[in-house]
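> sequence and predicted model, in that order:
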Amino acid sequence: MALTKVYDAATVFKHMSGILNVYKPAGMKVTHVRNAILSNICKGLNEMEQRKPRQLRENRTLLGTGTAADHVLHNIGEQTDLSDHLLSTGPRYLPRDLSCATVSSLGDHTSGVLLFGINRGTGQSSSIRKNRPVRVYHLIGQLGSATENHLPDSRVTMRSNHRHVSADRISSLAASMQASHQRKMFELCGVDLQTQEAYELACRGLLRPADDSQPVVYGIKLIHFERPHFTLELHAINETQEYLATLVHDMALDLRTVAHCCQLRCVRHAHFDVTDSLLRHAWHLPGIIKNLRQQRDILKAHPQLLRQQRVELQATE
């Protein structure tokens, strides 16, 4: 189907709905990203063709001057309603006219995929959030120094030698942690890992926690090692920035050294990939419209994101 250029702001606003995939920069709050997106949408709409001010209809006459150049009676038909003029009302579109909901938030130091629901897309964002799809992160840790909050913006509290740490030791520890988390998921369900019931439960899909407060790690592996930095790829649900940073710190302690997380990056949220994320220089109306259309195609290709049969874990006491 051929695309048609639209110059009318009301038509664009009517179709402004869906899921928006934005690349959040590190060091920027989610609320600031949201405000920037809404402000740029309104700016683009206000620069388009606006509707004309309302017209007032009056059925009365006015007496003229009575001179030869002027008629005695003037019939008033329609007049422009000056109270509806742009100079009186201000911009037609304001950020409060748009509904916007975050699918899942990211920490201030975390960059990567950030999903928003715009207007009617807020319902879709709620469905995706309730289904709790897996998010994929790339965590870069720095060996040899520990900080107060395990992030690079705080004071260094400890330094340690890390020459004995190798890529094989990190990979072995990551595999052990992954197996431990998978075993814990079945234990919370009250199922023995070596039984037929555990196999049937695993065939039904990913095991998900019963609430949003319990982080679950589905996979963790080393993808790059160049001392003193190493990069982990992690698949998780209900994770937080603090949890991921603490995970890197705890891994370093098991390796008999210290480390802190110097970079966190979300590279995928369900089927929404970082390659489709809208970069900061493209946070304008044409780029946002195009991105909404791309994410709409992803939802059509993967309807289970909105309607999914979930396998839940039992809530911990």
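Structure received.
> who's in contact with Pro152?
His109, Gln142, His260, Cys261, Cys262, Gln263 (CB atoms under 8 Å, 6 or more residues apart in numbering). C-betas here are computed from N, CA, C, even on glycine.
> over to Arg280?
Contacts of Arg280 by CB under 8 Å, 6+ apart are Tyr23, Pro25.
> returning to what we had before: same list (the contacts of Pro152) but as JSON lines, adding pLDDT and distance to Lys29.
Output for the contacts of Pro152, formatted as JSON lines (pLDDT from 0 to 100; distance: CB to CB, whole Å):
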{"residue": "His109", "pLDDT": "93", "distance to Lys29": "11"}
{"residue": "Gln142", "pLDDT": "95", "distance to Lys29": "24"}
{"residue": "His260", "pLDDT": "94", "distance to Lys29": "21"}
{"residue": "Cys261", "pLDDT": "94", "distance to Lys29": "19"}
{"residue": "Cys262", "pLDDT": "93", "distance to Lys29": "20"}
{"residue": "Gln263", "pLDDT": "94", "distance to Lys29": "17"}
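> from these, which ones fall inside helices?
Among those, none falls in helices (DSSP state H).
> of those residues, which is the most crowded?
Within those, Cys261 tops the neighbour count with 26 neighbours, counted by other CB atoms under 10 Å.
> ok now do it, which residues does it touch?
Cys261 neighbours (CB under 8 Å, 6+ apart): Leu139, Ile140, Gly141, Gln142, His150, Leu151, Pro152, Leu244, Ala245, Val248, His249.
> how about 10 Å then?
109-110, 139-142, 147, 149-152, 232, 241-242, 244-249, 252 (CB atoms under 10 Å, 6 or more residues apart in numbering).
> make a PyMOL selection of the buried ones in the residues you listed.
Only the buried entries of the contacts of Cys261 go into this PyMOL selection, using 16 or more other CB atoms under 10 Å:
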select buried, resi 109+110+139+140+141+142+147+149+150+151+152+232+241+244+245+247+248+249+252
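> identify the residues contacting the nearest residue to Gln295 once chain neighbours are set aside.
Leaving aside its sequence neighbours, Gln295 sits nearest to Ile19 (CB to CB, 6 or more residues apart in numbering; 4.3 Å). By CB under 10 Å, 6+ apart, the contact set of Ile19 is 103, 115-118, 121-122, 124-125, 128, 272, 291-292, 294-296, 298-299, 305-306.
> quick one on the thing from earlier: Val191: which of the contacts of Pro152 is nearest?
Distances from Val191 to those, taken as CB to CB, are shortest for Cys261 (33.1 Å).
> look up how far Ile37 lies from that closest one.
27 Å (CB to CB, to the nearest Å).
> ditto for Ile19
13 Å.
> what touches both of those two?
Joint contacts of Ile19 and Ile37 (CB under 10 Å, 6+ apart) are Phe116, Ile118.
> so what's Val134 closest to, chain neighbours aside?
His235 (5.2 Å).
> do I have it right that Ala174 meets Ile220?
Yes: using CB atoms under 10 Å, Ala174 is in contact with Ile220, at 4.7 Å.
> how about the helices in the stretch 1-150 of the chain?
9-14, 30-46, 86-89, 121-131 (DSSP state H, counting those that start in this stretch).
> and the ones you listed, which one's lowest on average pLDDT?
Averaged per stretch, pLDDT over these is lowest on helix 86-89, reaching a mean of 64.
> circling back: tell me, what's touching Ala174 and Ile220 both at once?
Contacts common to Ala174 and Ile220, judged by CB under 10 Å, 6+ apart, are Leu232, Glu233, Leu234, Met251.
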